[in-house]
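Colleague: Got a sequence here, can you build the structure:
(one chain, ligands or ions: 1)
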Amino acid sequence: MSGFSLADLEIIVARRAQASPDESWTAKLFAAGQAKAAKKLGEEAVETVIAAIANDRKNLTDEAADLLYHLLVVLKIADIPLADVMAVLEGRTAQSGVAEKAARVPS
Ligand SMILES: N=c1c2ncn([C@@H]3O[C@H](COP(=O)(O)OP(=O)(O)OP(=O)(O)O)[C@@H](O)[C@H]3O)c2ncn1[C@@H]1O[C@H](COP(=O)(O)O)[C@@H](O)[C@H]1O
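Modeller: Prediction:
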């Protein structure tokens, strides 16, 4: 498995936002604006749900990738760093104490 992460993709999205809309899907979404990008995110969410209900592993994997990419585009247009979202998730983990409990489970 490669070390490619959502943080890497966030950097790519930020860079490609500066490209020409003629050569970049990312730039096209930025040029179209948040309403179009968010609509696209919604479509990808629906496609992900359909793949999940159909128990179609290949399609679900592909649609999940589309969903995460479009989520990063929407977050970038809204000027919300992925780190802020991760901080919310980390905070919830800390509140529930799950991380400490998991650390205590013998391997
Ligand atoms: N991860 C993605 C990614 N996932 C999905 N997509 C694009 O999202 C689009 C949406 O898929 P659809 O099939 O729904 O789109 P469509 O039918 O062509 O569009 P509509 O006619 O529905 O508007 C497709 O054009 C996909 O290529 C992505 N486009 C870009 N990336 C990443 O962004 C980087 C930069 O891409 P560009 O901005 O295109 O240079 C790439 O190297 C990738 O890392």
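
Colleague: The residue nearest the centre of the chain and Glu47: what is the separation?
Modeller: Averaging the C-alpha coordinates of the chain gives a centre point, and the residue nearest to it by C-alpha atoms, centre = their mean is Leu68 (2.6 Å). As defined by C-beta to C-beta, to the nearest Å, Leu68 lies at a distance of 13 Å from Glu47. Where you see a C-beta, it was placed from the backbone N, CA and C, and this is true even at glycine.

Colleague: And for Leu41?
Modeller: Leu41 sits 11 Å away from Glu47, going by C-beta to C-beta.

Colleague: ok, now Phe4?
Modeller: Per C-beta to C-beta, Phe4 is found 22 Å from Glu47.

Colleague: What parts of the chain come near the ligand?
Modeller: The chain comes close to the ligand at residues Ile12, Arg16, Ser24, Trp25, Thr26, Ala27, Asp66, Tyr69, as judged by C-beta under 6 Å from any ligand atom.

Colleague: quick one: which of these has the most company?
Modeller: Within the residues of the chain next to the ligand, neighbour counts (other C-beta atoms under 10 Å) peak at Thr26, which reaches 23 neighbours.

Colleague: which residue packs closest to that one, ignoring adjacent ones?
Modeller: Closest residue to Thr26 apart from its sequence neighbours, by C-beta to C-beta, 6 or more residues apart in numbering: Arg16 at 3.7 Å.

Colleague: Helices of the chain, residue ranges please.
Modeller: For the chain, the helices defined by DSSP state H occupy 6-16, 25-32, 34-53, 57-77, 82-96, 98-104.

Colleague: For Ala54, the count of nearby residues, please.
Modeller: Residues near Ala54, counting by other C-beta under 10 Å: 10.

Colleague: where does the chain have low pLDDT?
Modeller: Of all residues in the chain, those with pLDDT under 70 make up the ranges 1, 105-107.

Colleague: Recalculate using a threshold of 90.
Modeller: Counting by pLDDT under 90, the chain shows low-confidence ranges at 1-2, 94-107.

Colleague: In contact with the closest residue to Leu75 other than its chain neighbours: list those residues for me.
Modeller: In this structure, Leu75 finds its nearest non-sequential neighbour in Leu82, 6.5 Å apart by C-beta to C-beta, 6+ apart. Contacts for Leu82 (C-beta atoms under 8 Å, 6 or more residues apart in numbering) come out as Leu6, Ala7, Glu10, Leu72, Leu75.
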